[in-house]
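> fold the following for me, if possible:
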Amino acid sequence: MGQDPDGVPRHRRTEAGPGARRRTQSSSRAEEIVTCELKARKAQPDHPIHSPCDSLLSWSSSFRNYEGVFNWGALLLFLGSLRICLENLLRYGVRVSARGWIKFLCGDIFHEDQVDFPVLYLVLYSLVPPIVTLILEKQLAKAQLEWKTGCILHILNLAIHLFMPIVMINLECLNIGLISSVVACGMYTTIFLKLISYIQVNKWCRDTLMRRTLINKHMYGNGDFLLRERKKTFLNMKEYNQRTEKDEKKDDIEIMDKHLVHWPNNLTVKDMSYFIFVPTLCYELNFPRTGRIRKFFLLRRILEVFLGTNLMLALIQQWIVPNVVDTLVPFDSLDWPLTLERVLKLSLPNHVLWLAAFYLYFHSFLNTAGELLQFADRDFYHDWWNSRNLEKFWQNWNLPVHKWCVRHMYKPLLHSGYSKFQASMVVFFFSAFFHEYLVSVPLKMFKPWAFLGMMGQVPLIFFSKKIEAKFGYQLGNLTVWASIMVGHPLAIMVYYHDFVIENYGHSLVAFYGQIKSATL
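Numbering: from 1, shown residues only. From the prediction side, this is the model:
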């Protein structure tokens with residue numbers, strides 16, 4: 001078998017080269033023939049208007065501009081929603097009542113035996129645990145308290161903090177309103193998570209300083225050996241003249257470091273107060289700050305909070321309450337077709353309310369707080385609406401909570417030797433507990449539905465991943481939206497049914513299944 005001088009067999013060279021040229025020539029020849037045909041047809045006297053092309057809706061078409069279809073869908077959704085609103089007004093009339101909201105927010109203040117604004121007692125006590133935590137951290141920093149003892153006192157302080165709303169909301173003499181109870185429990189949960197972060201970060205700083213002190217003592221008796229060695233190196237003029245750009249950057253970092261707050265100088269009332277009000281759950285010694293307050297931006301966010309809150313309150317009274325009441329009798333009588341119809345009917349107003357609450361809280365309210373406190377990190381949410389599965393949704397939906405769970409639970413569990421699945425299960429269990437806490441405590445009854453709903457997210461995550469892997473991104477995203485739109489109204493229906501049974505008995509289900517029984 002012959003070979004060329006470069007070592008390539010002749011039969012391979014003769015097969016590869018001409019074959020590639022023939023394919024190129026055939027493709028070019030085909031295009032040339034089509035072009036010549038078009039030119040020849042255009043030269044005909046019949047004025048031809050046809051040319052080869054695909055229909056716009058064909059998969060092979062390059063057309064991708066569907067703005068008109070989007071506008072049509074938006075208009076159709078608007079007209080459908082308008083029809084539902086008109087139907088609601090014609091059937092129930094105007095149900096918006098300021099008196100009803102005052103009762104739900106503050107309790108029945110129109111009653112003579114009612115304590116005025118009872119929720120203020122809960123708000124005032126919420127200031128106690130941060131003060132106790134600060135005092136304990138100061139004692140630990142001064143080595144006047146051992147960590148084991150301090151840890152027990154921290155746990156006791158946080159346990160009383162979580163238990164206080166359960167006691168005060170169930171006191172009949174206070175009669176705290178339902179909405180006020182929900183807000184108070186949310187505030188207590190937020191402070192609880194903030195204090196855990198505060199305790200853990202200060203422990204990290206304390207342990208780091210202790211390790212550094214031990215290393216210095218081991219290497220050079222007493223004192224800061226590493227610092228003295230750095231000073232000697234800096235005073236060596238020969239080395240100073242030979243400094244590189246990297247060394248100069250280190251000097252700049254050291255200069256900037258002098259302007260930062262270091263532990264234990266952060267253990268002040270001012271620092272604790274700023275952390276309690278700043279829109280984050282994760283504590284740092286030095287938060288990123290903005291240079292100024294943007295007044296026009298702040299004014300827009302405050303206006304959104306004010307108008308959005310009133311819109312949501314009106315939406316609940318006018319649209320949510322009648323649909324929730326209508327679900328009671330079919331669900332209690334196990335009329336599944338009618339129950340399914342009522343759940344789907346409730347899903348639309350509930351979903352609109354949920355979207356409005358997302359924008360109002362995560363964008364308007366948190367940006368208002370961030371702007372007032374000049375907090376620069378406004379990363380409160382990502383594009384959860386594009387989530388391809390439920391795991392991505394939980395990672396992008398509520399970033400303050402997600403960051404806290406990753407930083408203070410998930411990663412520490414991994415470092416302790418737990419697997420990723422075990423750490424994830426612990427995080428979901430923790431989240432499920434607080435979801436149940438935020439629902440059962442204000443309702444003054446303890447049912448497991450919110451807890452089970454959150455724990456049920458674990459198998460749903462695997463299910464949504466399977467759908468995404470088998471059918472692609474679009475169906476995975478539809479699974480996320482379906483779980484949101486159907487899961488929430490189902491939970492509302494179950495809790496309203498149990499609330500009526502728990503407080504009024506099974507005999508009054510028919511009465512509380514009528515809109516005239518609604519107090520809101």
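
> let me see the mean pLDDT of whichever helix or strand P165 is part of.
Assessed by DSSP states H and E, P165 sits inside helix 147-169. Confidence over helix 147-169 (mean pLDDT, whole number) is 94.

> quick check: which ranges of the stretch 1-150 of the chain have low pLDDT?
Low-confidence segments of the stretch 1-150 of the chain (pLDDT under 70): 1-31, 33-34, 100-116.

> show me the residues around F163 that make contact.
Contact analysis of F163 by Cβ atoms under 8 Å, 6 or more residues apart in numbering lists nothing. Backbone N, C-alpha and C define where each C-beta goes, glycine included.

> hang on, the earlier thing: measure how far the helix holding P165 is from the centre of its chain, please.
Here the centre of mass of C-alpha atoms in helix 147-169, compared against the chain's by Cα atoms, centre = their mean, to the nearest Å, lies 26 Å away.

> other SSEs contacting the helix or strand that that helix is followed by?
Helices and strands here follow DSSP H and E; after helix 147-169, the next one along the chain is helix 178-220. Taking 3 or more Cβ pairs under 8 Å, 6 or more residues apart in numbering; DSSP states H and E as contact, the helices and strands that helix 178-220 lies on are helix 98-106, helix 119-125, helix 128-141, helix 147-169, helix 225-235, helix 269-277, helix 399-405, helix 420-443.

> tell me what angle helix 178-220 forms with helix 128-141.
Following axes from the mean of the first three to the mean of the last three Cα atoms, to 10 degrees, one obtains 10 degrees for the angle between helix 178-220 and helix 128-141.

> go ahead and flag the most central residue of the chain.
Centroid check for the chain by Cα atoms, centre = their mean gives N398 as the closest residue, at 0.7 Å.

> Throw the helices and strands packed on helix 178-220 into a markdown table and include distance to Y495, thanks.
Listed next are the helices and strands packed on helix 178-220 as a markdown table, based on distance: least, Cβ to Cβ, whole Å:
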| stretch | distance to Y495 |
| --- | --- |
| helix 98-106 | 16 |
| helix 119-125 | 21 |
| helix 128-141 | 29 |
| helix 147-169 | 16 |
| helix 225-235 | 59 |
| helix 269-277 | 31 |
| helix 399-405 | 22 |
| helix 420-443 | 7 |
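
> let me know which of these is the nearest to E371.
helix 269-277 (12.5 Å; Cβ to Cβ).

> the closest one: what's the following helix or strand?
Sequence order places helix 295-315 as the next helix or strand after helix 269-277, per DSSP H and E.

> what does the helix or strand following that following helix contact?
Scanning forward in sequence from helix 295-315 by DSSP H and E, the next helix or strand is helix 321-326. Contact partners of helix 321-326, identified using Cβ under 8 Å, 6+ apart, comprise 88, 91-92, 95, 342, 345-346, 349-350, 492-493, 496, 512-515, 517-518, 520.

> list the buried residues for helix 321-326?
Residues of helix 321-326 classed as buried under the neighbour-count rule (16 or more other Cβ atoms under 10 Å) are V321, P322, N323, V324, V325, D326.

> dump those residues into JSON lines; add distance to T280 as well.
Below are these laid out as JSON lines (distance: Cβ to Cβ, whole Å):
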{"residue": "V321", "distance to T280": "34"}
{"residue": "P322", "distance to T280": "38"}
{"residue": "N323", "distance to T280": "36"}
{"residue": "V324", "distance to T280": "34"}
{"residue": "V325", "distance to T280": "39"}
{"residue": "D326", "distance to T280": "41"}
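
> which of these sits closest to F471?
The closest of the buried residues of helix 321-326, once distances to F471 are taken by Cβ to Cβ, is N323, at 32.2 Å.

> neighbours of V278, how many?
20 (other Cβ atoms under 10 Å).

> ignore what I typed, I meant E67.
7.

> roughly how far does it sit from L76?
Counting by Cβ to Cβ, to the nearest Å, the gap from E67 to L76 is 15 Å.

> do S364 as well
Using Cβ to Cβ, S364 is found at 28 Å from L76.

> still on that earlier bit, just the ones of the contacts of helix 321-326 in strands?
Of those, none are assigned to strands by DSSP state E.

> which ones are touching the closest residue in space to Y274 that isn't next to it in sequence?
With sequence-adjacent residues excluded and distances taken as Cβ to Cβ, 6 or more residues apart in numbering, Y274 is closest to L373, at 6.8 Å. By Cβ under 8 Å, 6+ apart, the contact list for L373 reads Y274, F277, V278, P279.

> and of these, the nearest to R83?
Using Cβ to Cβ, the contacts of L373 come closest to R83 at P279, 38.7 Å.

> what's the local residue count around that closest one?
Per other Cβ under 10 Å, the neighbour tally for P279 reads 20.

> ok, now which ones touch it?
Listed by Cβ under 8 Å, 6+ apart, the contact partners of P279 are L366, A369, G370, L373, F375, F380, P400.

> need those residues in JSON lines (columns: pLDDT and secondary structure).
As requested, those are exported to JSON lines (pLDDT from 0 to 100; DSSP: H, G, I helix; E, B strand; the rest coil):
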{"residue": "L366", "pLDDT": "95", "secondary structure": "helix"}
{"residue": "A369", "pLDDT": "95", "secondary structure": "helix"}
{"residue": "G370", "pLDDT": "95", "secondary structure": "helix"}
{"residue": "L373", "pLDDT": "95", "secondary structure": "coil"}
{"residue": "F375", "pLDDT": "94", "secondary structure": "strand"}
{"residue": "F380", "pLDDT": "94", "secondary structure": "coil"}
{"residue": "P400", "pLDDT": "95", "secondary structure": "helix"}
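
> these two touch, right, M425 and V458?
Yes: with contact defined as Cβ atoms under 8 Å, M425 counts as touching V458 (6.8 Å).

> for E67, see how far away H259 is.
Distance from H259 to E67, counting by Cβ to Cβ: 51 Å.

> export the buried residues of helix 321-326 to TSV and tack on pLDDT and distance to I131?
Formatted as TSV, these follow (pLDDT from 0 to 100; distance: Cβ to Cβ, whole Å):
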residue	pLDDT	distance to I131
V321	88	40
P322	88	45
N323	87	44
V324	89	40
V325	88	44
D326	87	48
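
> what sits against S483?
Going by Cβ under 8 Å, 6+ apart, S483 touches L390, L460, S464.

> make it 7 Å
Taking Cβ atoms under 7 Å, 6 or more residues apart in numbering, we find S483 in contact with L390, L460.

> now it: how far from F78?
Separation of S483 from F78 (Cβ to Cβ): 25 Å.

> next: L158.
From L158 to F78 the distance is 48 Å (Cβ to Cβ).

> those two: which is more packed in?
Higher neighbour count among L158 and F78: L158, with 18 against 10, using other Cβ under 10 Å.

> that one is in contact with F192, isn't it?
Yes: with contact defined as Cβ atoms under 7 Å, L158 reaches F192; the gap is 6.1 Å.

> between those two, which contacts overlap?
Shared contacts of L158 and F192 (Cβ under 7 Å, 6+ apart): none.

> what about E371, how many residues close to it?
Residues near E371, counting by other Cβ under 10 Å, number 22.

> buried residues, the helix holding P165. List them.
Of all the residues in helix 147-169, those buried under the rule 16+ other Cβ under 10 Å are G150, L153, H154, N157, L158, H161, L162, M164, P165, M168, I169.

> could you dump these to a markdown table with distance to G417?
Converted to a markdown table, the buried residues of helix 147-169 look like this (distance: Cβ to Cβ, whole Å):
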| residue | distance to G417 |
| --- | --- |
| G150 | 25 |
| L153 | 28 |
| H154 | 24 |
| N157 | 29 |
| L158 | 25 |
| H161 | 30 |
| L162 | 28 |
| M164 | 35 |
| P165 | 35 |
| M168 | 40 |
| I169 | 39 |
